[in-house]
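In: Sequence and predicted structure below; questions after.
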Amino acid sequence: KKTIFYFLLGSLLLPSTILFSQTKQPSRPNIIFIMSDDHAYQAISAYDKRLISTPNIDKIAKNGVLFTNASVTNSICAPSRATILTGKHSHLNGKVDNHFSFDTSNVTFPQLLQKGGYQTAMFGKLHFGNSPKGFDQFKILPDQGNYYNPDFITKKEGKINVTGYVTDIITDMTIDWLQKERDPAKPFMLMYLHKAPHRSWLMAERHLKEMTSTAFPEPPTLFDDYTGRTGAVKEAEMNILQHMSWSGDNKIYPKTMDSLHIPEIGFDKRRFEAEMGRLNPTQKTHFNAVYDLINAEFSKAYPRMTDQDKMRWKYQRYMQDYLGTIKAVDENVGRLLDYLEANHLLENTLLVYTSDQGFYLGEHGWFDKRFIYDESFKTPLLVSWPNQIKAGQKSDALVQNLDFAQTFLEAAGIQAPADMQGQSLLPLLKNQAWERDAVYYHYYEYPAEHMVNRHYAVITKKYKLIHYYFKEDVWELIDREKDPMELKNVYNDPAYSAIKKTLHKQLAELRVKYKDNSALSQNYIDRFLKDASEGKV
Ligand code: SGN
Ligand code: CA
């Protein structure tokens, strides 16, 4: 009798339980996209422990997946962001370089998520020359933004100025939004976008003493003389000794420069003032306490310094300041993760940490990015989603920033437009079948700052076939397994003639697949030259 009673009770309750669980728990995940600007994977301890410890960023990979072969399609800021938002290569979304504004008639994944019922917000650096569409709330830096006391363009209050350090402020805004504006009835998509560690590398006051008294190991190719590769590598203006500015980048005071009669490149006094000139008196006191000392020691040492000493000195100053800015990024990522954990917002959240591209930390003697060589072609990528993705994984799949839009749309159960060009990473994240044996790359911004020639390429796990095509027309073939530091062009080595043929075929196929043809590229070249001749660039 008892059994029959419970059976009847159970069958009465069951349908309502199903109904209840369907309405109560929105199963669509939240999406949090964390991106810093110019953050090299060499400066994340989950990838490389030599330079810095980033325990909070590392935690994301511990909870999920660390991608060791993630890359960008065009290694420069705004174009990478446009590719992320549109799921299209630069030649199709139109944002081929940093010069022109983003074409807002493009369809972006935040617009689709918003239409599909997501609450959306963006905080930090966008760098599009206009405001983003598809966001319920945004507070973005104008253009590159500033490290200290930055201005923001906001959706609801127009332009505002906030006192303090940019990385802390962007995090405050983000957590504030989660606390006060988030609608718990909806899933959300949040873009939390740091300016750091972009040039010219001003760290938070609290890290000044520690970071300026630390010495960092040099990369083996710091004194690369660029032999064995094409002219494009030699022509680039991103050598630490020759092109990094003493005052603007390394914070040698203009008055120290004058007293030592040091010839300076570029607009470095402007650059020095552009960031250091924004400090308020208290901030300035903290900076001076540290940089006065550096300037005094430098003044004493400079007259006896050889070129090699200068390179070494600049590299150390570069690393102290660059890595100093990352200290605050890691602390603030930790602050956000703690908030999410405390509020049970981690489990059903697809959370990504990446950068708009990688960066050279002295490899090949360089700073900056743009080139197809690993340090700037690759980008960090750490992903977690505890409800769906197993913790502690590592993947060497050839994934790209091109894939984010479709990944997020699929996670949200929204159909991606057919003309998006990426591949959702969800199957890969869930250990299901996912394949790609080569990726495509195309960099355009030339002639321009740092003078990196235009190039396109096919990249497999084993090789890179690169075509520098603008000023000079030359090919490079890199054997990634035999030459991991990418110091030798084997394009004309007969031993590679068969592989060269295969790669040429793959490259041609990818250009057709992604609809990149020379006519399109020629359009951008013409447009650039016209604007340059009219003084607009
Ligand atoms: C600035 C920097 C460059 C950097 C570009 C692009 N110069 O112009 O070194 O390559 O931004 O960076 S600075 O003297 O103004 O700092 S990007 O990340 O926005 O693409
Ligand atoms: Ca960047």
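Out: Yep, it's here. Numbering: from 1, shown residues only. Ligands and ions are numbered 1, 2, ... in the order given.

In: Surely Lys49 is within a helix?
Out: No: the assignment for Lys49 (DSSP: H, G, I helix; E, B strand; the rest coil) gives coil, which keeps it out of a helix.

In: residues from the stretch 351-500 of the chain in reach of ligand 1?
Out: When proximity is defined as C-beta under 6 Å from any ligand atom, the stretch 351-500 of the chain approaches ligand 1 at Asp368, Glu449, His450. (Glycine included, C-beta is placed from N, CA and C.)

In: Equivalent analysis for the stretch 201-350 of the chain, please.
Out: Remark: the part of the stretch 201-350 of the chain in contact with ligand 1 comprises Arg271, using C-beta under 6 Å from any ligand atom.

In: OK, now which residue of the stretch 201-350 of the chain is nearest to ligand 1?
Out: The nearest approach of the stretch 201-350 of the chain to ligand 1 comes at Arg271, 5.0 Å away (C-beta to the nearest ligand atom).

In: Quick one: residues contacting that residue.
Out: With contacts defined as C-beta atoms under 8 Å, 6 or more residues apart in numbering, Arg271 is in contact with Ser200, Ser245, Ser247, Gly248, Asp249.

In: helix, strand or coil for the third one?
Out: In other words, Ser247. Going by three-state DSSP, the secondary structure assigned to Ser247 is coil.

In: Endpoints of stretch 357-370, how far apart?
Out: Start and end residues of stretch 357-370 are separated by 9 Å (C-alpha to C-alpha, to the nearest Å).

In: Help me confirm that Ile466 is found in a helix?
Out: No: when classified by three-state DSSP, Ile466 is found to be strand rather than part of a helix.

In: who does it bridge with?
Out: Residues in a beta bridge with Ile466, per DSSP bridges, are Ala457, Glu476.

In: Quick one: neighbours of it, just the number.
Out: Here the neighbour count serves as a burial measure; for Ile466 (other C-beta atoms under 10 Å) it reads 28.

In: same question, Ile52
Out: Here the number of neighbours of Ile52 (other C-beta under 10 Å) works out to 20.

In: what's the closest non-adjacent residue to it?
Out: Taking C-beta to C-beta, 6 or more residues apart in numbering as the measure, Ile52 lies nearest to Leu323, with 4.9 Å between them; neighbours along the chain are not counted.

In: pretty sure the one you found is touching Phe216, no?
Out: Yes: proximity of Leu323 to Phe216 meets the contact threshold set by C-beta atoms under 8 Å, at 7.2 Å.

In: okay, those two: which has more neighbours?
Out: Set side by side, Leu323 and Phe216 show unequal neighbour counts under other C-beta under 10 Å, the larger going to Leu323 at 22 against 18.

In: Now name the helix or strand holding the more buried one.
Out: helix 307-342 (DSSP states H and E).

In: Please name every helix or strand in contact with that helix.
Out: Identification of packing neighbours for helix 307-342 by 3 or more C-beta pairs under 8 Å, 6 or more residues apart in numbering; DSSP states H and E yields strand 30-36, helix 55-63, helix 166-180, helix 208-212, helix 240-243, helix 281-301, strand 349-355.

In: For that helix, list every residue counted as buried.
Out: Counting neighbours by 16 or more other C-beta atoms under 10 Å, one finds that the buried residues in helix 307-342 are 310-337, 339-340.

In: and what of stretch 435-452?
Out: Quick answer for stretch 435-452 (16+ other C-beta under 10 Å): 438-446, 448, 450-452.

In: Could you check how far Asn332 is from ligand 2?
Out: From Asn332 across to ligand 2, the span is 18 Å (C-beta to the ion, to the nearest Å).

In: can I assume that residue is in contact with Thr171?
Out: Yes: taking contacts as C-beta under 8 Å, Asn332 lies within contact range of Thr171: 4.0 Å.

In: follow-up on the earlier one: redo the residues of the stretch 351-500 of the chain next to ligand 1 as a markdown table? Include pLDDT.
Out: Shown next, in a markdown table, are these (pLDDT from 0 to 100):
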| residue | pLDDT |
| --- | --- |
| Asp368 | 98 |
| Glu449 | 93 |
| His450 | 96 |
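
In: export the helix or strand hosting the residue of the stretch 201-350 of the chain closest to ligand 1 as CSV, just CAs?
Out: Per DSSP H and E: Arg271 is located in helix 268-276. Output in CSV follows, covering the C-alpha atoms of helix 268-276 (Å, rounded to 0.1, in the frame of the first residue of the first chain):
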residue,chain,number,x,y,z
ASP,A,268,60.4,60.7,-26.9
LYS,A,269,60.0,63.9,-24.8
ARG,A,270,56.4,64.0,-26.0
ARG,A,271,56.0,60.3,-25.0
PHE,A,272,57.6,60.9,-21.6
GLU,A,273,55.2,63.8,-20.9
ALA,A,274,52.2,61.9,-22.4
GLU,A,275,52.2,59.5,-19.4
MET,A,276,54.5,61.0,-16.7
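
In: Mind pulling up the pLDDT for whichever residue of the stretch 151-300 of the chain sits closest to ligand 1?
Out: The minimum distance from the stretch 151-300 of the chain to ligand 1, using C-beta to the nearest ligand atom, falls at Arg199 (3.6 Å). Looking at Arg199, its pLDDT is 97.

In: For the closest residue to it other than its chain neighbours, what are phi and psi?
Out: Computed as C-beta to C-beta, 6+ apart, the closest residue to Arg199 that is not its neighbour in sequence is Asp249, at 6.8 Å. In this entry, Asp249 is assigned phi and psi values of phi -90, psi -50 (degrees, to the nearest 10).

In: do you know how far Asp249 is from Ile240?
Out: 9 Å (C-beta to C-beta, to the nearest Å).

In: residues shared between the contacts of those two?
Out: The contact sets of Asp249 and Ile240 overlap at Tyr318, Phe367 (C-beta under 8 Å, 6+ apart).

In: how many other residues sit next to the residue of the chain found nearest ligand 1?
Out: Across the chain, no residue is closer to ligand 1 than Cys77, which sits at 2.8 Å (C-beta to the nearest ligand atom). By other C-beta under 10 Å, the residues close to Cys77 number 24.

In: pretty sure it contacts Met35?
Out: No: using C-beta under 8 Å as the test, Cys77 is too far from Met35 to be in contact (10.4 Å).

In: list the residues that contact both of those two?
Out: Residues touching both Cys77 and Met35 (C-beta under 8 Å, 6+ apart): Asp356.

In: Tell me how far the residue of the stretch 201-350 of the chain closest to ligand 1 lies from ligand 2.
Out: From Arg271 over to ligand 2 (counting by C-beta to the ion), the distance is 17 Å.

In: Please determine whether stretch 342-357 lies in contact with ligand 2.
Out: Yes: for stretch 342-357, a contact with ligand 2 is found by C-beta under 5 Å from the ion, at Asp356.

In: Could I get the buried residue list for that stretch?
Out: Leu345, Leu346, Asn348, Thr349, Leu350, Leu351, Val352, Tyr353, Thr354, Ser355, Asp356, Gln357.
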